[in-house]
Structure formats: C-alpha cells, structure tokens
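predicted model, plus sequence, below.
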Amino acid sequence: MKSKILKMILPLVALAVTAGSATLMSFGEKKSAQTNLHWYSRNPATGVYSYDRQATAPTNPCEGEDEVCAKGFTSMQANPNLINDNTPSQQTLFRAE
C-alpha cells in the first residue's frame with residue numbers, strides 16, 4: 001500500500017518542482033532588443049546629412065563627444081537635406097574633432 005502511494009506522489013512532486021522552477025526562471029532579467037534605425041551620416045566637411053543604412057548602428061562607428069556624426073530615426077526622412085545637428089532624433093552619435 002505504501003509503495004502505491006509513493007508511486008503516485010513522486011510524479012506529482014516532480015511536476016510541482018518543474019512548474020516551480022519554470023515559474024521562477026521566467027522572472028529573470030529581460031534583455032532589451034536593439035532597434036534598427038534609419039541612419040543618416042553627416043559629412044564633416046560640408047555638414048550635410050545623407051542616408052547611410054537601416055541597422056542598429058551606422059556603417060562607420062562614431063567615437064567621441066565633440067561633433068555630431070550620425071543621427072538615427074525610426075522612419076526614413078522625406079528630405080535628408082533638412083536634417084541638421086539640432087533635428088530631434090531617436091539617437092545621435094558624436095565624433096571627436
């Protein structure tokens with residue numbers, strides 16, 4: 001009789017442990033997905049922006065903090081010639097002068 005009870009209880013205990021583990025693992029740290037933006041790179045000589053690509057970063061990485069080198073937007077810009085250093089964007093990258 002005892003062995004019958006143990007045979008029925010052990011699978012239930014295993015199921016409870018599995019369900020509990022799966023529940024606790026679902027509360028882990030969420031990883032943020034990187035968003036693909038439409039990148040416009042700035043020509044340092046002229047200050048004019050031109051379309052680069054749609055990705056998580058522009059083709060040429062910018063490093064520094066002095067001069068704007070690229071702007072990322074969630075949608076394509078109708079007229080890139082109207083983009084300037086003060087145009088609001090989702091992300092602005094800078095390069096050292």
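In hand now; what should we look at? Numbers count the residues shown, from 1 in each chain.

quick one: pLDDT of Lys4?
Looking at Lys4, its pLDDT reads 68.

go on, Asn86?
93.

what's the helix or strand for it?
Using DSSP states H and E, Asn86 sits in no helix or strand.

and Tyr40, by the same measure?
Taking DSSP H and E as the definition, Tyr40 sits inside strand 37-42.

list the helices and strands whatever helix or strand comes next after that strand packs on?
Next helix or strand after strand 37-42 toward the C-terminus (DSSP H and E): strand 49-55. With contacts taken as 3 or more C-beta pairs under 8 Å, 6 or more residues apart in numbering; DSSP states H and E, strand 49-55 sits against strand 37-42. (C-beta placed from N, C-alpha, C; glycine too.)

give me the sheet partners of the strand it packs on and which way each runs.
Next to strand 37-42 in the sheet, as set by DSSP bridges, lie strand 49-55 (antiparallel), strand 67-73 (antiparallel).

let me know which of the ones you listed is tucked in deepest.
Of all the strands paired with strand 37-42, strand 67-73 has the most neighbours on average by mean count of other C-beta atoms under 10 Å, namely a mean of 20.

packing partners of the helix or strand that comes right after that one?
Downstream of strand 67-73, the first helix or strand assigned by DSSP H and E is strand 91-95. Applying 3+ C-beta pairs under 8 Å, 6+ apart, we find strand 91-95 packed against strand 67-73.

let me know the angle separating the strand it packs on from strand 91-95.
160 degrees (axes from the mean of the first three to the mean of the last three C-alpha atoms, to 10 degrees).

dump strand 67-73 to CSV, keeping only the CA atoms.
Only the C-alpha atoms of strand 67-73 are listed here, as CSV (Å, rounded to 0.1, in the frame of the first residue of the first chain):
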residue,chain,number,x,y,z
GLU,A,67,30.8,66.8,-33.2
VAL,A,68,27.6,65.2,-34.4
CYS,A,69,28.5,62.4,-36.9
ALA,A,70,25.2,60.4,-37.4
LYS,A,71,21.5,60.6,-36.5
GLY,A,72,19.1,57.6,-36.2
PHE,A,73,15.4,57.8,-36.9
